[in-house]
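Enquirer: Turn this into a structure:
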Amino acid sequence: MSTPGRPASSRHLLGVWIRSLLWTFAESVVAILLAVVLGGIGIFLFSGLLPNHSAFDLGLPIAAYGALWSGALGYPNGVGSTLSYATPLILAGLGVGLGFKAGLFNIGGRGQFLMGAIGAMAVVTLFGQSLPGLATIVLALAVAAIFGGFAGFIPGVLKATSGAHEVVTTIMLNYVFVFATYWAISGPLRLPHSPQPITVDVGTRASALGTINILGWNLLGRDAHWGVLLAVLGIPLLWFLLYRTTLGFEIRAAGANSDAARYAGMKTRQLVVLTMSMAGALCGLAGGTTLLGVVHQIAPGYDTTIGFDAITVALLGRSNPIGIALAGLLLGGMRAGAQSMQISPGVPGELVDALQAVILLFLVINLLRRWRAMRHVDAPTVAPAEPYGLGAVPAEVSE
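Expert: So this is what the prediction gives:
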């Protein structure tokens with residue numbers, strides 16, 4: 001016989017979890033819809049400034065969003081391009097989201113991404129002609145994660161030992177790693193006898209991540225490379241780490257209340273260093289997959305916005321691996337469809353950046369509203385249970 005009251009308690013927890021799940025996704029969906037509406041209004045108001053369009057063209061917003069949709073999902077190459085754009089966003093978003101769970105704001109994704117790309121290029125430059133192609137790719141991705149992890153390790157140690165805030169240190173280190181990238185391209189990684197500073201082409205060393213081809217069928221178009229599998233594997237692995245391991249529980253506990261976690265015997269300083277290192281490794285892995293699967297070469301002007309885009313992905317996905325995957329696919333689809341939108345109806349591709357900025361704005365407004373509400377709560381409250389992590393409220397929201 002079951003214990004009296006247990007079924008009711010279980011039903012109550014399930015109801016709380018379902019309401020938390022629905023509310024979590026509803027806030028993100030509302031932010032997306034508001035951004036789409038404002039973007040459509042902007043296209044309508046400024047339609048007269050675009051070539052071959054009359055003023056106040058009512059059909060232009062519909063045509064623009066239709067081209068955006070078809071460019072992202074309307075044909076196999078569009079799907080492959082979406083997955084290719086989404087892969088580094090998901091990997092870096094997982095890194096930023098992991099930091100959020102520990103109460104850390106990692107803004108160093110840009111530098112960590114670049115360090116990962118440099119680490120992968122160093123392996124290709126040194127071993128690309130002596131190792132088999134598959135071995136070079138595996139080693140390059142491993143070194144990319146190590147280089148990115150080291151870039152995250154530095155601000156983690158600074159915070160754990162001196163209390164230096166990770167927002168400040170990661171922003172400052174971004175510039176250090178950008179110039180380190182320029183030095184590496186112009187120095188040890190420079191292609192010999194090249195008139196301009198540039199690295200070797202990974203394709204010439206048989207080290208590129210090829211397109212996904214199964215039994216002779218290129219189902220996802222020409223742009224989807226095998227690095228997509230890393231993002232697919234990273235989602236359940238990080239979910240398992242956060243919600244099914246002791247380490248994941250300690251990370252979430254330290255993010256919810258570091259003082260209580262320390263009082264409970266958790267080594268919060270070591271958790272800060274470890275979490276920042278793992279976050280940097282994921283961002284570095286994003287850089288490695290982008291190098292081997294997309295760009296193949298690095299020139300001195302090479303830079304990225306992935307680190308900052310990953311913040312939007314993590315916030316939109318509510319720091320949950322599944323939500324981050326969906327947010328990464330959304331932003332990746334927007335990037336993939338921007339070119340079609342610019343070609344067909346003639347709407348500038350920069351609209352995608354504006355939409356992303358508006359989404360982030362609404363998310364930040366919501367976070368500030370929650371933070372102000374928490375400040376007016378006199379008594380401490382208990383956060384709802386998150387048995388599967390699907391409706392979890394991220395630490396940066398609950399604190």
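Enquirer: how about stretch 346-361 as PDB, C-alpha atoms only?
Expert: Extracted C-alpha coordinates of stretch 346-361, given in PDB (Å, rounded to 0.1, in the frame of the first residue of the first chain):
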ATOM      1  CA  GLY A 346      15.800  43.100 -51.200                       C
ATOM      2  CA  VAL A 347      15.600  43.400 -47.400                       C
ATOM      3  CA  PRO A 348      19.100  43.900 -45.800                       C
ATOM      4  CA  GLY A 349      20.500  40.800 -44.000                       C
ATOM      5  CA  GLU A 350      21.300  43.100 -41.100                       C
ATOM      6  CA  LEU A 351      17.600  42.700 -40.100                       C
ATOM      7  CA  VAL A 352      18.700  39.400 -38.500                       C
ATOM      8  CA  ASP A 353      21.100  41.200 -36.200                       C
ATOM      9  CA  ALA A 354      18.300  43.700 -35.300                       C
ATOM     10  CA  LEU A 355      15.900  40.800 -34.500                       C
ATOM     11  CA  GLN A 356      18.500  39.100 -32.400                       C
ATOM     12  CA  ALA A 357      19.100  42.400 -30.500                       C
ATOM     13  CA  VAL A 358      15.400  43.000 -29.900                       C
ATOM     14  CA  ILE A 359      15.000  39.400 -28.600                       C
ATOM     15  CA  LEU A 360      17.900  39.900 -26.200                       C
ATOM     16  CA  LEU A 361      16.500  43.300 -25.100                       C
END
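Enquirer: starting at the chain centroid, how far to that stretch?
Expert: Taking CA atoms, centre = their mean, to the nearest Å, one finds the center of stretch 346-361 at 17 Å from the center of the full chain.
Enquirer: same question, stretch 181-190
Expert: In terms of CA atoms, centre = their mean, the centre of stretch 181-190 is found 26 Å from the chain centre.
Enquirer: Residues contacting it, please?
Expert: Residues from elsewhere that reach stretch 181-190, judged by CB atoms under 8 Å, 6 or more residues apart in numbering: 114-115, 117-118, 121-122, 125, 197-200, 298-300, 302. C-betas here are computed from N, CA, C, even on glycine.
Enquirer: Could I have the CA atoms of that stretch written out in PDB?
Expert: The C-alpha coordinates for stretch 181-190 follow below in PDB (Å, rounded to 0.1, in the frame of the first residue of the first chain):
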ATOM      1  CA  THR A 181      45.400  35.100 -32.700                       C
ATOM      2  CA  TYR A 182      46.900  37.800 -34.900                       C
ATOM      3  CA  TRP A 183      50.400  37.000 -33.700                       C
ATOM      4  CA  ALA A 184      50.000  33.300 -34.300                       C
ATOM      5  CA  ILE A 185      48.700  33.900 -37.800                       C
ATOM      6  CA  SER A 186      51.500  36.300 -38.700                       C
ATOM      7  CA  GLY A 187      54.200  34.200 -36.900                       C
ATOM      8  CA  PRO A 188      54.400  30.400 -36.200                       C
ATOM      9  CA  LEU A 189      51.200  29.500 -38.100                       C
ATOM     10  CA  ARG A 190      51.900  31.500 -41.100                       C
END
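Enquirer: mind listing what's buried in that stretch?
Expert: Residues of stretch 181-190 classed as buried by neighbour count (16 or more other CB atoms under 10 Å): 181-182, 184-185, 189-190.
Enquirer: mean confidence for that stretch?
Expert: Stretch 181-190 shows a mean pLDDT of 93.
Enquirer: the helices in the stretch 151-300 of the chain, which residues?
Expert: Assigned by DSSP state H, counting those that start in this stretch, the stretch 151-300 of the chain shows helices spanning 166-186, 228-244, 246-256, 258-263, 268-290.
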